[in-house]
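*Asks:* next comes the sequence, and after it the predicted model I'd like to discuss.
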Amino acid sequence: MQDLWDRHLRYRSHHVDVPLDHSDVDSPSISIFAREVVDTRKNEQDLPWLVYFQGGPGMESPRPNGASGWLKRALDDYRVLLLDQRGTGLSSPVNHQTLAHLTAAEQADYLSHFRADSIVKDAECLREALGIKQWAILGQSFGGFCALTYLSFFPQSLSRAFVTGGIPPIEGHADRVYQKTYQRVEDKNQQFFAQFPDAQARCHEIAQYLQNNAVTLPNGQPFTVEQFQTIGLNLGRGHAGLPLYYLLERAFIEVNGERVLSYPFLDAMQAEQGYLTNPFYAILHESIYCQQQASQWSAHRVRDQFPQFHYQPDQPFRFTGEMVYPWMFDQLATLKPLKDAAMLLAEKTDWPALYDLEALKHNTVPLACATYVDDMFVEFDYSRQTLAKIANSQAWMTNEYEHNGIGVDGERILDRLIDIGDNLAALHG
């Protein structure tokens, strides 16, 4: 346990060992890390706890250097715990380096224990180790998926649940998720190219250059049209259109009378490939929708229902979004070593249940949510359908924000959710 201090905040590190497989008494252990944050003026107070579940999967918890945004509002009422979900940050991190000593089958088996059900059980181990009877939880994006898993299996451990942009579909196949997701990505493409009409010609120029020339990123990885399309991930974030346009307008420079893609542009393209530093996200992304069924590369298969996303020089250019494709494991440097494991996980059919519909139907924990009408990552219609099945829940449904609303205006959003949670508690108390 280590304490760090600045002028306004106190930080304390917590570590706990947990089983890799919570259902196996002989399972090897992994380490879970979480950072406690409290206002220095309230350090000696007996404050309630709030645990933050980060988006992802595979993203580490924030590393704050002060109180701002949602954290500022949370620290008014809570002692905050920033949990590095298993496999991220300092919690037995997963990447191509840490998995290199395992066979593909061993990698797949290991990674099968890194979904929301295991993450929630880790949190329970941490809660018990800290001697906390109940705590509140805040889940952003995939963190919201974890929150519903928590409500399903350990509701007695929770005083409140807050979710921003992360109410998942809790039934059905991943295919239905991507059928909606492609529609939302098409909407964002149309909005972007309507706002910046000349960007369409620039994207075609870049795509054609990539098709006609061997281009490599600064890490030596060949750069392709398919990779270029994936920067459409940015279209699901607030105020992303103009920065994306600025990126496109500086794509080319002239060298000895020839137009070539510039090093700054290619460096930016490499930086956009979060899968390079977080292969966990790519290899487990579709599994977050799987219960007793295989994804079988859902986004890849469903893409054929939306042919506009297959680049053709004589058709309008379209960006894709956060979809994961099997070709990534042939092209992206840090995904190549995990290809065989990814193929095995895509065919895995015995994924356990992530939600208990009966428990959610009789939920007594106040659940307050911010759901975004125009969310490109979490389908609004499916969020509404799920919330209709959860007792003691209330959503603030708004088009003021995109998926990353908590990062844009987190203090206001969390303040509203806390009010909703308090009202629900009073109403059903």
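*Replies:* Noted; the coordinates are in hand. Residues are numbered from 1 along each chain as shown.
*Asks:* so where's the stretch 301-429 of the chain uncertain?
*Replies:* 429 (pLDDT under 70).
*Asks:* where exactly do the strands run in it?
*Replies:* Remark: strands assigned in the stretch 301-429 of the chain by DSSP state E, counting those that start in this stretch are 367-372, 393-398.
*Asks:* nearest residue to residue 278 other than its sequence neighbours?
*Replies:* Excluding the flanking residues, the one nearest residue 278 by CB to CB, 6 or more residues apart in numbering is residue 58, at 5.0 Å. C-beta coordinates here come from the backbone N, C-alpha and C atoms, glycine included.
*Asks:* would residue 30 count as being in a strand?
*Replies:* Yes - counting by DSSP: H, G, I helix; E, B strand; the rest coil, residue 30 is located in a strand.
*Asks:* what ranges do the helices span in the stretch 51-200 of the chain?
*Replies:* Using DSSP state H, counting those that start in this stretch, the helices of the stretch 51-200 of the chain run over 69-77, 104-111, 116-130, 142-153, 174-195, 198-212.
*Asks:* restricting to C-alpha, output the first one in CSV.
*Replies:* Included here for helix 69-77 are C-alpha records, laid out as CSV according to Å, rounded to 0.1, in the frame of the first residue of the first chain:
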residue,chain,number,x,y,z
GLY,A,69,-14.8,16.5,-14.5
TRP,A,70,-16.7,13.6,-13.0
LEU,A,71,-14.0,12.9,-10.4
LYS,A,72,-14.4,16.4,-9.0
ARG,A,73,-18.1,15.8,-8.5
ALA,A,74,-17.6,12.3,-7.1
LEU,A,75,-15.1,13.5,-4.5
ASP,A,76,-17.7,15.9,-3.0
ASP,A,77,-19.6,12.8,-1.7
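*Asks:* what comes up buried for that helix?
*Replies:* 69-75 (16 or more other CB atoms under 10 Å).
*Asks:* now for residue 115, how many residues are close by?
*Replies:* Per other CB atoms under 10 Å, the neighbour tally for residue 115 reads 23.
*Asks:* wait, doesn't it sit right on residue 287?
*Replies:* Yes - using CB atoms under 8 Å, residue 115 makes contact with residue 287 at a distance of 6.1 Å.
*Asks:* got any residues that touch both of these two?
*Replies:* Each of residue 351 lies in contact with both residue 115 and residue 287 under the rule CB atoms under 8 Å, 6 or more residues apart in numbering.
*Asks:* quick one: neighbours of the residue lying closest to residue 344 once chain neighbours are set aside, just the number.
*Replies:* Spatial nearest neighbour of residue 344, chain neighbours left out: residue 108 (4.0 Å); criterion: CB to CB, 6+ apart. Residue 108 has 22 neighbours, counted by other CB under 10 Å.
*Asks:* my read: residue 108 touches residue 348, true?
*Replies:* Yes - at 7.4 Å, residue 108 counts as touching residue 348 under the criterion of CB under 8 Å.
*Asks:* report all helices and strands that the helix or strand harbouring residue 264 contacts.
*Replies:* Per DSSP states H and E, residue 264 falls inside helix 263-272. When contacts are defined as 3 or more CB pairs under 8 Å, 6 or more residues apart in numbering; DSSP states H and E, helix 263-272 packs onto no helix or strand at all.
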